[in-house]
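Participant: Pasting the sequence and the predicted coordinates here, then a few questions.
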Protein chains: 2
Amino acid sequence: MSTPAQGAALRVAVLISGRGSNLQALIDAIADGQLAADIVAVICNHSDAPGVERAEAAGLATYVAVRRDFASRAAHDEAMLRIAQEHGADLVVLAGFDRILSPAWTQAFPNRMINVHPSLLPAFAGGINPKPQADALAAGVKIAGCTVHIVTDDVDGGPIVAQAAVPVLPDDTVDTLANRILAQEHRLLPLVVQWFAEGCVRLENGRIVVPGVVPARWWSEV
Amino acid sequence: MSTPAQGAALRVAVLISGRGSNLQALIDAIADGQLAADIVAVICNHSDAPGVERAEAAGLATYVAVRRDFASRAAHDEAMLRIAQEHGADLVVLAGFDRILSPAWTQAFPNRMINVHPSLLPAFAGGINPKPQADALAAGVKIAGCTVHIVTDDVDGGPIVAQAAVPVLPDDTVDTLANRILAQEHRLLPLVVQWFAEGCVRLENGRIVVPGVVPARWWSEV
């Protein structure tokens, strides 16, 4: 759905709000030769987010766009969108981004925006104020996980691209569970972006098909 | 919660409606010495269910109680309950049982009834007419699974005892996915019944704690 021009690397814009550890996973995968993509822009909506330093340290084009510096949510949204578009992004990655973007984004990047969500969707969908790891723990599930999905205007409801499962252990706190899930996010996200780089992510009847490239057991490692 | 008397094996009543393959998994686990329990009664609500033959072939006390042979749902329900009680069951296992039992059951066996559900609850809860495997496939999830949970009057909402995950593969049909999940049900159910036999299933703040006996990686095998 987002095959770059022949020979050109996939151009990726990454939106972050916090630590940027999923951004770091992409940076590392590119450095390791596991991911054939260029991160053309990093956009963060908090000026003090540690992820900004990570992005700058990696020499990436880094933008801070704080909501309060714009007259409206729409203006903020549009300014960020323009950055992604001006950098010619093929794929937009929401990597711990804490705001819901306007339909202008999904129109500009139809089926070319992905989000990482720390639950096995459709369980523990987030919405505006997500705490999926805490909700999973409170629900007493014994298996939790994470999901990479296409962003549509149905929040957390877009087609699922990939999922990874982790066990919930008896002594887990929200933090220990969240960290176990996060470790899987760091593995899942670069894999999915590489699938996009290879142009092998297809949408059929509203479901994602990734033919022949899902390592059947990879998600099973704890 | 259901520790049998010192030295006595856990007395288990199993309710089935169809093939009885989960019943067979219990029979096999007992025969292999993996499960220290006695199946004291098998109750089936369909006269032509293949599981009836399995139960009889294993020499188990087997009862067929068909709804239409009783004046009311309550009378049917009560007749089955009486069988379980008369056999002194410590634990009731719903193994593919296709009717929702009355609160008389949960009162008679509080926290001592378990059900096997072919999804990673709370996703794809079933209710009256469940088709969780088909629903999971239609939703495009990449990880599915099964759940053993305590039966309460909240259908499919009781505390989760154990879960197992399986991948959804690109060419899956409802049948191939259901079979992959079923194979995990066959592993999960005897394990959970053995936990009950060992008296190590505790309910704390509405959540099940199984201290120290969850093989952290066992669920990961596909």
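Facilitator: The structure has been received and is ready for your questions. Remember, it's a predicted structure, so these values are computed and weren't measured experimentally.

Participant: what's the next secondary structure element after the helix of greatest length in chain A?
Facilitator: For chain A, the helix reaching the highest residue count under DSSP state H is reported as helix A:174-197. Helices and strands here follow DSSP states H and E; after helix A:174-197, the next one along the chain is strand A:202-204.

Participant: What is that following strand packed up against?
Facilitator: strand A:207-209 (3 or more Cβ pairs under 8 Å, 6 or more residues apart in numbering or on different chains; DSSP states H and E). For the C-beta atoms, the positions are set from N, CA and C on the backbone; glycine is no exception.

Participant: counting contacts, what elements does the strand it packs on pack onto?
Facilitator: With contacts defined as 3+ Cβ pairs under 8 Å, 6+ apart, strand A:207-209 has these neighbours: strand A:160-167, strand A:202-204.

Participant: Quick check: neighbours of the shortest one in the sheet, parallel or antiparallel?
Facilitator: What that stands for is strand A:202-204. Looking at strand A:202-204 with DSSP bridges, its paired strands and their directions are strand A:207-209 (antiparallel).

Participant: if I look at the closest residue in space to A:W195 that isn't next to it in sequence, how far off is chain B?
Facilitator: Take A:W195 and drop its neighbours on the chain: the residue closest to it by Cβ to Cβ, 6 or more residues apart in numbering or on different chains is A:V201, 5.0 Å away. With the distance defined as Cβ to the nearest Cβ, to the nearest Å, A:V201 ends up 12 Å from chain B.

Participant: right, and A:V201 touches A:V161 too?
Facilitator: Yes. If you go by Cβ atoms under 8 Å, A:V201 and A:V161 touch, sitting 6.4 Å apart.

Participant: Common neighbours of the two, please.
Facilitator: When contacts are counted by Cβ atoms under 8 Å, 6 or more residues apart in numbering or on different chains, the set common to A:V201 and A:V161 consists of A:V192, A:W195, A:I208, A:V210.

Participant: circling back: deepest of the helices and strands packed on strand A:207-209, which one?
Facilitator: Mean neighbours per residue, mean count of other Cβ atoms under 10 Å in any protein chain shown, is largest over these for strand A:160-167, with a mean of 24.

Participant: Show the contacting residues for A:A37.
Facilitator: If a contact means Cβ under 8 Å, 6+ apart, then A:A37 has A:A9, A:L10, A:R11, A:V12, A:L26, A:I30, A:L91, A:V193, A:Q194, A:F196, A:A197 as its contacts.

Participant: how about the nearest residue to it, chain neighbours excluded?
Facilitator: Spatial nearest neighbour of A:A37, chain neighbours left out: A:L10 (4.3 Å); criterion: Cβ to Cβ, 6+ apart.

Participant: Tell me the gap between the longest helix of chain A and the middle of its chain.
Facilitator: In this view, helix A:174-197 has its centroid 9 Å away from the chain centroid, taken as Cα atoms, centre = their mean, to the nearest Å.

Participant: same for it, what does it pack against?
Facilitator: For helix A:174-197, the helices and strands in contact under the criterion 3+ Cβ pairs under 8 Å, 6+ apart are strand A:10-16, helix A:21-31, strand A:37-44, strand A:91-94, strand A:113-117, helix A:132-139, strand A:143-150, strand A:160-167.
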